[in-house]
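[1] what would the 3D arrangement of this be:
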Amino acid sequence: MIEFLRARRRLVTSLLALSCFLMIAYALYEQYYAELDPCPLCIFQRVGVICLGVTLLIAAAIPQRWRIVGIISTVLIALVGLATMGVSARHLYIQSQPAGSVPACGAGLDYMLDVFPLTEVLRKVLTGSGECARIDWSLLGLSMPGWVMIAVLLLTLAGVLANWRRKQSVWVRH
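    I've put the predicted structure just below:
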């Protein structure tokens, strides 16, 4: 399996990026057609999925012979994936809290970005609010942040495995 991922690195990485963009398309469908408004943590997860997709596209465009750039792109895939999973985990934690233990809904993300410095916005969003604790969508008993975490975990693992280059001898040419 790992050899297949490596042998078809560009194709696999491009398909993984496409998967990220399809996730965003589904999120936009839910927002605009199913009228499911995203909370600030959902928006942060969307940004993470978009960044993962862009990172995967960049990795797919890099020739195999550019080793150091390939290693950097592989590390970026892992970091972006881990950050997105961290936001998903925080969202799941907030959703698991008993009713009333999470503060009431706060100001909207647009307003906070206009008024507060970015570090304060990040702190407020990751602290969570009532709108982030609500579960408006679930599939097989798992809310959307749970599915995002699973999908990003699988996409990140496949992206790292497909793009990680084993050390080869200088004398061996394929």
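[2] what's the average pLDDT for the longest helix anywhere in the chain?
    As assigned by DSSP state H, the longest helix anywhere in the chain is helix 67-96. Averaging pLDDT along helix 67-96 gives 87.
[3] show me which residues of that helix are buried.
    Applying a neighbour-count criterion of 16 or more other C-beta atoms under 10 Å, one finds 70, 73-74, 76-78, 80-81, 83-85, 87-88, 90-92, 94-95 buried in helix 67-96. Every residue, glycine included, has its C-beta placed from N, CA and C.
[4] average pLDDT for whichever strand or helix holds residue 41?
    Per DSSP states H and E, residue 41 falls inside helix 40-61. Looking at helix 40-61 alone, the average pLDDT works out to 91.
[5] so which bits of that helix are buried?
    40-46, 48-53, 55-60.
[6] how far away is the residue most central in space within the chain from residue 77?
    The centroid of the chain falls nearest to residue 49 when counting by C-alpha atoms, centre = their mean (3.4 Å). Remark: distance between residue 49 and residue 77 (C-beta to C-beta, to the nearest Å) = 13 Å.
[7] ok, now residue 70?
    Distance, residue 70 to residue 77, using C-beta to C-beta: 11 Å.
[8] now residue 50
    From residue 50 to residue 77 the distance is 14 Å (C-beta to C-beta).
[9] isn't residue 48 right next to residue 79, touching?
    No. If you go by C-beta atoms under 8 Å, residue 48 and residue 79 don't touch, sitting 10.6 Å apart.
[10] state the number of residues packed around residue 64.
    Counted by other C-beta atoms under 10 Å, the residues lying close to residue 64 total 12.
[11] what does residue 134 give?
    So residue 134, with other C-beta under 10 Å, has 15 neighbours.
[12] do residue 37 as well
    Other residues close to residue 37 by other C-beta under 10 Å number 11.
[13] assign it to helix, strand or coil.
    Three-state call for residue 37 (DSSP: H, G, I helix; E, B strand; the rest coil): coil.
[14] report pLDDT for it.
    81.
[15] show me the contacts for it.
    Residue 37 is in contact with residue 31, counting by C-beta atoms under 8 Å, 6 or more residues apart in numbering.
[16] may I have the helix or strand hosting residue 25 exported as PDB, CA atoms only?
    Element membership of residue 25, judged by DSSP H and E, is helix 9-32. The C-alpha atoms that make up helix 9-32 are tabulated as PDB, following Å, rounded to 0.1, in the frame of the first residue of the first chain:
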ATOM      1  CA  ARG A   9       2.800  10.300  -5.600                       C
ATOM      2  CA  ARG A  10       1.600  13.100  -7.800                       C
ATOM      3  CA  LEU A  11      -1.700  11.400  -8.600                       C
ATOM      4  CA  VAL A  12      -2.400  10.400  -5.000                       C
ATOM      5  CA  THR A  13      -1.500  13.800  -3.600                       C
ATOM      6  CA  SER A  14      -3.700  15.600  -6.200                       C
ATOM      7  CA  LEU A  15      -6.600  13.300  -5.300                       C
ATOM      8  CA  LEU A  16      -6.000  14.100  -1.600                       C
ATOM      9  CA  ALA A  17      -6.100  17.800  -2.300                       C
ATOM     10  CA  LEU A  18      -9.300  17.300  -4.300                       C
ATOM     11  CA  SER A  19     -10.800  15.500  -1.300                       C
ATOM     12  CA  CYS A  20     -10.000  18.600   0.800                       C
ATOM     13  CA  PHE A  21     -11.800  20.900  -1.600                       C
ATOM     14  CA  LEU A  22     -14.800  18.500  -1.800                       C
ATOM     15  CA  MET A  23     -15.000  18.700   2.000                       C
ATOM     16  CA  ILE A  24     -15.200  22.500   1.700                       C
ATOM     17  CA  ALA A  25     -17.800  22.200  -1.000                       C
ATOM     18  CA  TYR A  26     -19.900  20.100   1.300                       C
ATOM     19  CA  ALA A  27     -19.500  22.500   4.200                       C
ATOM     20  CA  LEU A  28     -20.600  25.400   1.900                       C
ATOM     21  CA  TYR A  29     -23.600  23.300   0.800                       C
ATOM     22  CA  GLU A  30     -24.600  22.700   4.400                       C
ATOM     23  CA  GLN A  31     -24.200  26.400   5.100                       C
ATOM     24  CA  TYR A  32     -26.100  27.900   2.200                       C
END
